[in-house]
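Engineer: pasting the structure only:
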């Protein structure tokens, strides 16, 4: 196990507090694909791409990025993973101010409580889909880049697919945000009043190392499992239907807590005349399943 100290974090963050250094990271990230065949950039090549004429000034800023963000090898400079992630976040607009906003729009989904059309909106780098009277069905952090060349419906579908992928990682004990140790725990006694689904069994998706922590309908713990996706496909449904709408897993599933040492939850999913039973352990990993 590698332990990380907190003493140097302030210095690490300070290394990014200059526009020239950010431009260096972006230039190295832009070189990533080409570097596989042509190699990384030399000092002179990198300085030219960044557009700094003063060699001493550029050398100072480049030195400040080593070794946390940039590594020098054989006279060439390559970015570390941290540099690539920062470049990706900048390109995605994660650090931008409020540059994108989408007014409230009706969707094709209905509120299960009042049958009004759910309304979607995008503000403060978050996507919301919910009922004005009964709360949010979807609330996901979403960078502005996601909306730059997609319709709102496409962004909703993409967000739901990504969430299913995140849940798959959480079932395996991995945080989808920081790669730290994470888990889905249960039961959860209360959920925010603003949540659309408030009368089903909930668990909590949480990471031990970063900010990730949110209530999760326990039936959603099997999102992305091959048996679940096959069941939905066989009924002409899309993966997104497992999270929102009349076929939401939380609406078509029964959750039974078990007393066994290994099996902690038995989840019974019903679509039409088909029934899928999944047994989960205490970390919501699928032990086995049976379809009738």
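Structural biologist: Looks like it came in fine. Everything numeric in this text was worked out from a predicted model, so none of it was measured.
Engineer: from residue 21, how far out is residue 34?
Structural biologist: Residue 34 sits 21 Å away from residue 21, going by CB to CB, to the nearest Å. The C-beta positions use only the backbone N, C-alpha and C, and glycine is treated the same way.
Engineer: more neighbours: which of the two?
Structural biologist: Each of residue 34 and residue 21 has its neighbours counted (other CB atoms under 10 Å); residue 21 has more, 20 against 11.
Engineer: spit out the contact partners of the closest residue to the more buried one other than its chain neighbours.
Structural biologist: With sequence-adjacent residues excluded and distances taken as CB to CB, 6 or more residues apart in numbering, residue 21 is closest to residue 61, at 5.1 Å. Contact analysis of residue 61 by CB atoms under 8 Å, 6 or more residues apart in numbering lists 18, 20, 21, 24, 52.
Engineer: does residue 61 sit in a helix, a strand or a coil?
Structural biologist: helix (DSSP: H, G, I helix; E, B strand; the rest coil).
Engineer: from residue 46, how far off is it?
Structural biologist: Distance, residue 61 to residue 46, using CB to CB: 11 Å.
Engineer: what is in contact with these two at once?
Structural biologist: Joint contacts of residue 61 and residue 46 (CB under 8 Å, 6+ apart) are residue 24.
Engineer: would you list every one of the strands in the stretch 151-292 of the chain?
Structural biologist: Under the criterion DSSP state E, counting those that start in this stretch, strands of the stretch 151-292 of the chain are mapped to 182-188, 202-207, 213-217, 253-257, 265-271, 274-280, 286-291.
Engineer: pretty sure residue 181 sits against residue 170.
Structural biologist: No - assessed by CB atoms under 8 Å, residue 181 is found out of contact with residue 170, at 10.6 Å.
Engineer: who touches stretch 122-132?
Structural biologist: Stretch 122-132 is contacted from outside by 93-94, 98, 100-102, 107, 109, 111, 113-114, 116, 118-121, 136-144, 147, 152, 155-156, 159, 194, 196, 244, using CB under 8 Å, 6+ apart.
Engineer: of the residues you listed, grab the buried ones for ChimeraX.
Structural biologist: Restricted to buried positions by 16 or more other CB atoms under 10 Å, the ChimeraX selection for the contacts of stretch 122-132 reads:
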select :93,100,107,109,111,118,119,120,136,137,138,139,140,142,143,144,147,152,155,156,159,196,244
